[in-house]
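Novice: here are the coordinates; sequence isn't available:
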């Protein structure tokens, strides 16, 4: 299985899905990490020259169709992953990942190896209260 982690440096989980420049994709077999691969990730900065309108209905950010399309573009490079770990995420991005069959998990853990081990062990808590 492959798990993606939002990161700036390959060691620490980034606190915001949309702003992080990289995914660290970890391949896991028999409960062990067997491969690590840094992949570039589209971020909000890639869309800065486009018109930007968020139709926020009070249920979270990035819920409009334009944002959903941006989230899909951000996720293209992790289509082979079953989950994505991050420290923070908008409700729209969270729902977009779910629609792509990528399980989003918002964690309060910062160390990537610790969070991945918790995921493997089935102990990683999804802190949906951190969605915005």
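Specialist: Here it is on my side, so go on. Given the structure is predicted, the values throughout are model-derived calculations rather than measurements.

Novice: excluding chain neighbours, what is closest to residue 72?
Specialist: In space, and not counting its chain neighbours, residue 72 is closest to residue 96: 6.3 Å by Cβ to Cβ, 6 or more residues apart in numbering. C-betas here are computed from N, CA, C, even on glycine.

Novice: just the element for that neighbour, please.
Specialist: Using DSSP states H and E, residue 96 sits in helix 91-99.

Novice: how about residues contacting that helix?
Specialist: 17-18, 59-64, 67-68, 71-72, 74-75, 84, 103-104, 106, 128, 131-132 (Cβ atoms under 8 Å, 6 or more residues apart in numbering).

Novice: average pLDDT for stretch 22-40?
Specialist: Regarding stretch 22-40, the rounded mean pLDDT is 97.

Novice: scratch that, stretch 88-98
Specialist: 94.

Novice: buried ones in that stretch, by neighbour count?
Specialist: Under the neighbour-count criterion of 16 or more other Cβ atoms under 10 Å, stretch 88-98 has 88, 89, 90, 91, 92, 93, 94, 95, 96, 97 buried.

Novice: what angle do helix 91-99 and the helix ranked longest in the chain make with each other?
Specialist: As assigned by DSSP state H, the longest helix anywhere in the chain is helix 65-75. Helix 65-75 and helix 91-99 are oriented at 60 degrees to each other (axes from the mean of the first three to the mean of the last three Cα atoms, to 10 degrees).

Novice: how about residue 89, what does it touch?
Specialist: Residue 89 sits next to 16, 17, 18, 104, 106, 130, 131, 132 when contact means Cβ under 8 Å, 6+ apart.

Novice: what distance do you get for it to residue 6?
Specialist: In this structure, residue 89 and residue 6 are 8 Å apart, going by Cβ to Cβ, to the nearest Å.
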